[in-house]
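# structural data only, the sequence is not supplied:
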C-alpha cells in the first residue's frame, strides 16, 4: 500500500512539473526572421562593431529591432528561419537554436492592413 501511495505521489509531482514547464513555454511564440543586416562598423566607435538591424514577424506584426551581439550568435539566422520569441514592452526576446536568449530593442512595428 505504501509503495502505491509513493508511486501515485511521484506521478502527481511529475505531472505538476510538466504542466508548469509547458505554461512557461507558452509565453514564447514562433517568430520568423524577415531580414537581418549587419550595421557597418564605425571607425570612431569600434565598440559598436557587432550591431545588427533585424526585422521579425511575430503573429501579424513585423517588428524592426536593433541588436548587439557577437556574429556567432546570428550565424544561423537568415530570412525565413523561425525562433521562439516573446515581446516584453520594447524588448523582443528570442531563443536561439542553442537556447541562448537574445534581447533585441524594438524601434518600430508594422501591421498589415
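That came through fine. Since the structure is predicted, the reported quantities are computational estimates derived from the model, not experimental observations. Numbering: from 1, shown residues only.
# from now on I want contacts and neighbour counts done on CA atoms only, so please keep to that.
Fine.
# run through who's touching stretch 44-63.
For stretch 44-63, contacts defined as CA atoms under 8 Å, 6 or more residues apart in numbering pick out 29-42, 64-71, 85, 106-112.
# let's see it at 7 Å
Residues from elsewhere that reach stretch 44-63, judged by CA atoms under 7 Å, 6 or more residues apart in numbering: 30-39, 41, 64-71, 106, 108-111.
# please, where are all the strands along this protein?
Per DSSP state E, the chain carries strands over the ranges 29-38, 51-58, 61-68, 82-88, 91-95, 101-110.
# what comes up buried for the last one?
When you say that, I think you mean strand 101-110. Of the residues in strand 101-110, 102-106 count as buried by neighbour count, 16 or more other CA atoms under 10 Å.
# output the below-cut-off pLDDT ranges for the protein.
Across the chain, residues meeting the criterion (pLDDT under 70) sit at 1, 4-5, 7-26, 45-48.
# report the central residue of it.
Geometric centre of the chain, nearest residue: residue 94, 1.2 Å, by CA atoms, centre = their mean.
# residue 87 is in contact with that residue, correct?
No. If you go by CA atoms under 7 Å, residue 94 and residue 87 don't touch, sitting 8.8 Å apart.
# just to revisit the earlier point, now, the most widely separated pair of the buried residues of strand 101-110?
Taking CA to CA, the two most distant members of these are 102 and 106; they sit 12.6 Å apart.
# any idea how far the spatially closest residue to the residue nearest to the centre of the chain that is not a sequence neighbour lies from residue 43?
Once flanking residues are discounted, residue 94 sits nearest to residue 85: 4.2 Å by CA to CA, 6 or more residues apart in numbering. Counting by CA to CA, to the nearest Å, the separation of residue 85 from residue 43 is 33 Å.
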